[in-house]
Every structure is written in C-alpha cells, then in structure tokens.
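I need the structure of the sequence given here:
(2 chains)
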Amino acid sequence: MADLLAILSNGSASLLAHRAAASTAGHNLQNANTPGYARQRAELEATRPAHFQGDAYLGRGVRLGAVTQARDRFLERQIPAALTAESRSRAESDALEAVNALGPEEAGVSSALADFYSSLRALSQNAGDSSLRQAAVGAARSLALTFNGAARAVEGARAGLDAQLEGIAQEANLAAADVARLNQEIAIARAAGAEPNDLLDARQRAMDTLAELVGASPVPAGAGHINMVLPGGTALVAGIRAGTLAATPDPTNGGHLALTLRPPGGGPAVALRPAAVGGRAAGVTDARDGSLAAALGALDGLAFELAGELNAAHRAGFGLDGGTGRDLFDAGATAAGAALRIAVHGGVAGNPDLLAAAATAAELPGDSTALFALLATESAALPSGLPPGAALARMVSGFGAAAARARAIAEQDRGIREHLETLRESVSGVSIDEEMVNLTKAQRAFEATMKVITTADQMLETLLSLK
Amino acid sequence: MRVTDKLMFHRAATSAARAREQVEAATAELATGLRIRHPGDHPAGAGLAVGHRQAAGRMAAIGAAAGKAADELAVADDALGGVGATLDRARELAIQMANDSYGPAQRAAAGAEMRMLLGQAVALLNSRAGARYVFAGTRDDQPPFDAAGNYLGTTAPRRVEIAPGVTEAAAPTGNTIAKGPVDIPAMLSALASALDGNDAQTVRSTLGDMEDAVEQVAQARARIGSSMALFTGAAEVSRVGQDAEIAAISALVDADAVDAASRMALAQRALDAALTASARSFALTLLDKLR
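Numbers count the residues shown, from 1 in each chain, chains lettered A, B, ... in the order given. Model prediction:
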C-alpha cells in the first residue's frame, strides 16, 4: 500500500513538472515577439534516487530540473562588437547624407562663383554701365551669401550632432543604471538557487543598448555581475554601480560637446578621449569632427584665400569716382570662420561705382584692365595651390568620397550585424510551431500522468475493499 | 538553420524595406532628373561637375562679351563707311574747286558744303553703340571729338576678352582713325577755309592728303573687319565650348530617364516579390492546423 501511495505522490510531483513544462512553453509563446527575449527550456529529469524494491530500482517519476535560456555564448561574445561597429558607421553615414549644402547643384557655391566671374566678364565689356555694375555687385553679394549659407548649413549640422550626443549620453545613463540595478537583482534572485532568465534577458537588452550607444562591451565580474567597459578600458558599470556620462562643451573644439564620465565609484568627472568612446556616439563625433569639420575648414580656406586674391587685385584698380585701394570683400583676418563672415565690402556694396575696373583714373570709365586682373584670379592658383574652381571641386569630391565611404562601411557593417542577429534569433528565438508541439507534449504528458494517478487510485480502492 | 517566427517577420520587414529603398531611389532619380543628388552619390562626378559648371559659365560670358564687341564693331564699320563716303564727296568737291575755272562765289558755296561735310564726319566719328562712344577709347562716356574736330578720347583702345586671360583691342580709337598720319578734321577745316578764301592753290595742295585720308579710313575699316572676324570667331568657339561643358555636366549629373524608369520597374517587381513571399510564408503555421 505504501508503494501505491508512492505512485500517487510521484504522480502528483510529475504533474507539477509537466505543468511547469506547459507553463514554460506558454511563456515562450506569449513572448514570441518580445525584443531581446531568449526562449526558455524546461529541463525535466527523472526524480532521483530511484526506490529499490525487491531486486530492482523503481523510478519515482519526473521532476523539473531547471528552466534554462537558449543562448549561444560564442555568438553573444561577437554581437557587442557588431552592434558597436554598425551603429557607429550608420551614425556617421546618416550625418553626412543629411548635409546637402556642398553638392554640385545649381544653387550652390559652385554656381555662385561661376555667376560672379560671369558678371565681371559682362562688366568688362562696358565698365561704365551702371546696371552692369549693379549686377556685378549683386553677384558678389550672392557669392558671399552662398558661402555664408553653406557654412551655416555645415555648422548647423554639427550643432545638430551635438544635440544627438546629449541624447546619447542620457540614454546611455539610463541603460547603465539598468545594468547596475539588474546585476543586483540577478544576484539576489540567484541566491534562491535558480536562474532568473527574464532578468538575464533584461540585462542583455541593456548591455546591447550600451554597445550600440557608446561601444561598451561586457566583462564578467564576480558574483555573477557583468561590468560594462568603454573602448578605452574605462568602466561605465562596475557591479551594482553605474557611472554617469555627460556631454559638456569643449573649449578646444569651438565649444562643441564632448563626453565626460563620472566613474561608478564616484569622484570627479573625467573627459573621455575620442578613442575611448565607440558606437553611435563615436559615429556622431566622427562625422562632426572629421568630414564635416574638414569640409568647413576647406570652405573657410577657400572663402578667405579667394577674398584675399580678389582684394589684392581690386585694391590696385580705380572706381568710377577715381578712388583706389579699396577691398572688394571683407572676410576677416583669419581663415577660421571666413565662410560665415565673408561679405561685400561696405563701400562697394552701397555704391557700385566704387567697384574698381580701370587701371588708372585717366582711363575711366571704359577701361577694364583692373577687371581683367580680377578675372585672372579665376584661373590663378590660390595660396593653397589650386585655382578657386579646382579647390571647390576638390572640396566637393572630398566630402562626397567621405560620405560614400561611410555609406559603404555602414552597409557592410549592417550586413555583419544582421547576419549575427539572425544567428542569435535562430538560436534564442521562439518558434511558434515548436512551442505548440512542446505545449501539446506537456499536455499529453499531463493527461498520461493523470491516468497514472487515476489508475493508482483505483488500485488503492481495490486493495481497501478487500475483506 | 532554425527559423523562428520573429526571424520570418524580421526578414519580411527588412526585405520589404530594402526593396522600398530601391524603389524610392529610382523614383527620386526620375522625379528630380538628377543622378547625383548628393556628393556621396558619385564623388568624382560631383567634383568634375563643379569644374564643368565653372567652365560653362566662363565660356558663356566670354561668348557674350565677344558677341557684343562684334556688334559694336559693326556700328564702327558703318560709321567709317559713312566717313569714307563723306571723304569721297569732299575729295570730289576739292578736285572740282581746284580748277581755275571756278570763281569766289562758287568756291564759297563749296566751302559751306565742306564745313557741312566736316560736321558730318565729326558726327560719324562720335557714333555710339548703346550709351558708349565707340571711337573714344576708354573715355567712352563722352564724345571723342568736339565740333572743331579735336580728339578728346584716350589713346589706348578698350580691350575685350576673347579667351580666358586673352584680350583683344575693340574698336580703334578716333585718334588712330582720324588723327594720323592725316589729321582728317583739320584737313577738312583747312579745305573749307581755303574755299572760303577762294584759295585754289591751297585746295590743290590738299589733294594729296585727301587721297591719304581716304586710304587711312579704308585701312581702319579693314582692321575693324579682321577684328570683327576675330570676335565673331571667339563667340562661336565659346558657344561650342559652352555646349560641350553643358553636355559634360548633363552626362555626369543628369539621370538617364530610360535607365531610371527600367530600374524603377525592376525595383517595383522586387518589392512585389518580397511582399508576396512574405505573405505566403506567414500563411503556414501549426497554429492554424491545431484549431
């Protein structure tokens, strides 16, 4: 009779195991679309030790051994680097694609420069004509405004990337705080003797986010904690403590923002070198301080040198009023910021008669020798080595090559990331078909176990009814 | 490889998104007519387009200036034609009045006509093209000759660009046409005075200068003719050059409509195939069979 009761007891325990299996399958089905969810497996095992009776060991049914996650550790080690690389290259590519002020289109600096020289040529045909002078000064003003607009667009893009960097720092702080908090919760949950799979999933999601945002990679630490470490080796999360990122103005970079980190253990915030940050933050700064800064520098250099050469030629010429020694453009004393500053000199802008066309006052008003000297700047090399058109072409090509390179690298990195994510999903993802089978299996096993219990119960009844 | 539902949905989403990217790119190219909308689309092409655009503008401006210069030279040529005709009449009159058979009254009448011819010649030498006096050199906002035939313009002619960095003199100055070697206004004035004074001897002595003056004007016209040919040629060369540069820009930057349309059709077919494949893969699931 004791054995029959053992069957009932074992059956009851087995029912719990099958119920757990059904529950796990159900949990998987319900989380089939949950981002970052890794399917769980109810590991059933025969209850041990078996019961020795007579000459044999009798089994004691089934028990739930553990509920484990399906994750491939080899894959999981590769994924942070892929996330970091892809988010970095995508951020840089997106930033450069968004800037269209440096293109060869008709409304750009290229056309304004061509129109400026064309207006001087038209004026050289009739240097005393007031409408042609008005048109030439107007073309000069358009050229200056186009330089201003292009510089403003590029600097505006850089300022926009600063705003993105601020957002990235805030998001990263939230994710880092999540990792730290989950390290603590996982440690507490593990103390109960089982793996807290859902907490592990949540921590993995936060870790992936940090890899994307700032290139942080996971480093296992003691007590089941995972530290998050930035590319330079600086810890962003250490155990149950998280550092704090901030985007602060960098006076050595024109006031553009740079990331600082207050370490997890406390203490003053330290500036992070560009090489110490990865992910989207690095992509943003790559674009801002790399290609966009280079393009702006080239634009400033072109505006400054062109203004210098034109002014030198203009100062030697005579306006209709007989005056000489005047500048045509104001671009400031240094190249930095020249594209934003350049403007037609106030005197000439207000009075087109002051535009110098003649070589001497005696040759007024029809002499165009000074205009020819201005026109000669079109094909003469600037101090940097190329004529204005060629310098502009080089700037446009250079920016285009940087954008094309970033686009190609982003595409390549996207392929690698997608491939790894596909493999991860293949290992860890939920297949509804599989889980439906698992659910049915658990249901059938539950039904079968119920049959065992019912049968044992009938056997007990038969035994008890013996007189 | 184990295929999960999320993998299928993700594949469907990404393949549709990529197909839509291709459709969007082809549509944008067709709609804008541009192949290069961002320097990153074709970095070398974008840079070359800048150079071609500069060159096209240069050619257009040089062509326009050379064309205008040729037009002004036509005005100058007409004017010198008139001066030539005036000198012809003056020579005829001088030859006639050199004959001793004419008396003071007739010579006085001839003198009056000679003064009229002087005024006519000065008026022709003060011809304008638009607001500019064509024979005034660079001081072209005022008449180069006063009523007495004194030259008030500059000695250096105005110059016009016919190629980048290459200039050519425009119309010859009144100085070179009418003031050397024969001072034509002075000669006509002297003739008029001689006729007024019934001085046949002086009239006869001017006949040689008269021949030289006619030749002088003819040579000036010949120079104008060759300059006109030069400017007209420069305008034509510039026009051809401009067309070539514009064609080069178009080849680089403009979309080939047929090519873009066929790519758009291909992209749309690819999108349709991606969506159809995705819909079919969603239809097969154990969940439906267990109902």
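
can you tell me how far A:Gly36 sits from A:Pro383?
57 Å (Cβ to Cβ, to the nearest Å). (Each C-beta comes from the backbone N, C-alpha and C, glycine too.)

the more surrounded of the two?
A:Gly36 (16 against 10; other Cβ atoms under 10 Å in any protein chain shown).

wait, a helix at the more buried one?
No. A:Gly36 is assigned coil when assessed by DSSP: H, G, I helix; E, B strand; the rest coil, not a helix.

what's it in contact with, if anything?
Contacts of A:Gly36 were listed using Cβ atoms under 8 Å, 6 or more residues apart in numbering or on different chains, and they are A:Asp201, A:Ala202, A:Gln204, A:Arg205, A:Asp208.

show me the contacts for residue 138.
No chain specified, so I'll use chain A. A:Ser119.

that's the other chain; I wanted chain B
Per Cβ under 8 Å, 6+ apart, neighbours of B:Thr138: A:Ala127, A:Ala358, A:Glu363, A:Leu364, A:Pro365, A:Gly366, A:Asp367, B:Gly153, B:Thr154, B:Ala156, B:Pro157, B:Arg158.

what about 6 Å?
Listed by Cβ atoms under 6 Å, 6 or more residues apart in numbering or on different chains, the contact set of B:Thr138 reads A:Glu363, A:Gly366, A:Asp367, B:Thr154, B:Arg158.

surely A:Leu439 is in contact with A:Ser23?
No. Between A:Leu439 and A:Ser23 there is no contact, the gap being 9.7 Å when judged by Cβ atoms under 6 Å.

ok, these two, which is more surrounded?
Higher neighbour count among A:Leu439 and A:Ser23: A:Leu439, with 19 against 16, using other Cβ under 10 Å.

surely A:Val427 and A:Asp72 touch.
Yes. Contact between A:Val427 and A:Asp72 holds when scored by Cβ under 6 Å: they sit 4.5 Å apart.

who's more crowded, those two?
Per other Cβ under 10 Å, whichever of A:Val427 and A:Asp72 has more neighbours is A:Val427, with 18 against 15.

element containing that one?
Assessed by DSSP states H and E, A:Val427 sits inside helix A:388-428.

right, and the helix or strand after that helix?
Next along from helix A:388-428, by DSSP H and E: helix A:432-464.

for the nearest residue to A:Ala6 once chain neighbours are set aside, what are phi and psi?
Spatial nearest neighbour of A:Ala6, chain neighbours left out: A:His51 (6.8 Å); criterion: Cβ to Cβ, 6 or more residues apart in numbering or on different chains. Dihedral angles of A:His51 (phi, psi; degrees, to the nearest 10) stand at phi -90, psi 120.

which residues of the stretch 101-250 of chain A fall in strands?
In the stretch 101-250 of chain A, the strands defined using DSSP state E, counting those that start in this stretch lie at A:217-220, A:226-229, A:235-238, A:241-242, A:244-249.

looking at those strands, which is closest to chain B?
strand A:217-220 (22.9 Å; Cβ to the nearest Cβ).

ok, and what's touching the closest one?
Residues outside strand A:217-220 that contact it (Cβ under 6 Å, 6+ apart): A:Pro80, A:Met207, A:Ile226, A:Asn227, A:Val229.

and the residues you listed, which of them are buried?
Among those, those scoring as buried are A:Pro80, A:Met207, A:Ile226, A:Asn227, A:Val229 (criterion: 16 or more other Cβ atoms under 10 Å in any protein chain shown).

next, give me the two most distant ones among those residues.
The largest distance within the buried ones among the contacts of strand A:217-220, taken as Cβ to Cβ, falls between A:Pro80 and A:Asn227 and amounts to 12.8 Å.

pLDDT of the helix or strand where B:Ser193 lies, averaged?
Assigned by DSSP H and E, B:Ser193 belongs to helix B:184-196. What helix B:184-196 shows for mean pLDDT is 93.

please enumerate the helices of chain B.
For chain B, the helices defined by DSSP state H cover B:5-32, B:43-97, B:104-125, B:174-178, B:184-196, B:200-205, B:207-253, B:257-283, B:286-289.

for A:Leu420, what are its contacts?
A:Leu420 neighbours (Cβ under 6 Å, 6+ apart): A:Gln78, A:Ile79, A:Ala82.

again with A:Ser9
By Cβ under 6 Å, 6+ apart, no residues touch A:Ser9.
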